[in-house]
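*Asks:* mind folding the following:
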Amino acid sequence: MRHVTLYLGAGLIGVIVAMAVVGTFWTPYPPDAVVGPGLQPPSAEHWLGTDGLGGDIFSRLLSGARICLLIGIGSVVAAAVVGVPVGIFSGMVRGWVGEIPARLSDILYGFPALLLAILFAAALGGSTWTATMAIALASIPAFVRIARAATLQVMSQGYIEAARVSGTPRTAVAARHVLPNIAPAVGVQLSVSVGLAILAEAGLSYLGLGSGPETPTWGRMLREAQTYVFSAPQLALWPGLAIAVATLGFNLLGDGLRDLLDPRLREIR
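*Replies:* Okay, the predicted model is just below:
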């Protein structure tokens with residue numbers, strides 16, 4: 001079946017989005033409240049059981065999906081808004097002026113999201129905003145690189161030279177010719193980066209550098225389940241499975257988009 005990875009990725013993402021939408025408007029119980037005895041098995045009252053403190057696991061999973069997508073998509077979109085224009089500028093401008101953004105992005109690439117989050121948490125305190133900023137800053141170099149490489153390839157085409165000879169301004173060349181041609185590559189990078197951002201957010205929440213304790217997140221659920229990993233392993237199973245499904249879904253979507261949009265792969269098929 002053609003584009004099976006695209007459809008499978010879209011289906012997995014659809015499940016996560018449905019969880020986030022439902023969790024925004026309804027949960028069986030308040031996700032931050034004690035609703036029964038701790039470590040209860042799945043039942044008609046608690047579909048996935050309760051955690052060590054008596055919170056409903058299913059309600060916390062639904063609520064955590066919203067935070068997961070909010071930070072994952074929000075941080076990547078912010079990184080793309082900054083990184084893509086910088087990458088286009090670096091690819092269109094020749095000489096050392098165009099090299100400066102590329103070298104700065106290389107320097108920023110050496111600071112992972114975890115290190116940035118630790119620095120921000122020390123200065124501002126751990127929060128959703130802190131995690132979003134850290135992941136966004138760590139994701140900018142990837143968009144600068146992909147946009148710059150794609151722009152350099154587009155700028156080598158004859159129609160770009162014709163547009164410049166005819167007196168078309170650089171901004172018009174970027175908007176009319178460069179951006180539409182690099183959009184497929186940027187779209188693939190967006191999808192893959194969201195998966196990485198979700199994984200990074202889970203790691204930050206696990207370390208206590210993400211959203212506050214009053215906000216249920218999948219990473220925090222994993223951290224709380226660590227105490228009961230041998231006596232009640234299902235507490236770690238559900239948030240871990242949710243993180244895996246979300247990350248896998250966006251990665252498969254990125255692979256499917258690459259297969260769909262890359263003309264070289266279309267020719268092979």
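*Asks:* helices of the stretch 1-150 of the chain, start to end?
*Replies:* Taking DSSP state H, counting those that start in this stretch, the helices of the stretch 1-150 of the chain run over residues 4-25, 57-92, 96-109, 113-124, 128-155.
*Asks:* now do the stretch 151-269 of the chain
*Replies:* Taking DSSP H, counting those that start in this stretch as the test, the helices found in the stretch 151-269 of the chain are 158-165, 170-173, 179-206, 218-225, 234-261, 263-268.
*Asks:* distance to Ala18 for the ones you listed - can I get that in TSV?
*Replies:* Using the backbone N, CA and C atoms, a C-beta is placed for each residue, glycine as well. Converted to TSV, the helices of the stretch 151-269 of the chain look like this (distance: least, C-beta to C-beta, whole Å):
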stretch	distance to Ala18
helix 158-165	43
helix 170-173	41
helix 179-206	16
helix 218-225	16
helix 234-261	12
helix 263-268	30
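*Asks:* quick one: residues contacting the most centrally placed residue in the chain.
*Replies:* Centroid check for the chain by C-alpha atoms, centre = their mean gives Val194 as the closest residue, at 1.9 Å. By C-beta atoms under 8 Å, 6 or more residues apart in numbering, the residues touching Val194 are 72-73, 76, 250.
*Asks:* same check, this time on Thr130
*Replies:* 117, 120-121, 124, 209-210.
*Asks:* my guess is Arg170 contacts Gly91. True?
*Replies:* No: assessed by C-beta atoms under 8 Å, Arg170 is found out of contact with Gly91, at 11.4 Å.
*Asks:* please identify which of these two sits among more neighbours.
*Replies:* With neighbours defined as other C-beta atoms under 10 Å, Arg170 and Gly91 compare such that Gly91 has more, 24 against 14.
*Asks:* how about that one, nearest residue that isn't a chain neighbour?
*Replies:* Nearest residue to Gly91, sequence neighbours excluded (C-beta to C-beta, 6 or more residues apart in numbering): Thr151, at 2.8 Å.
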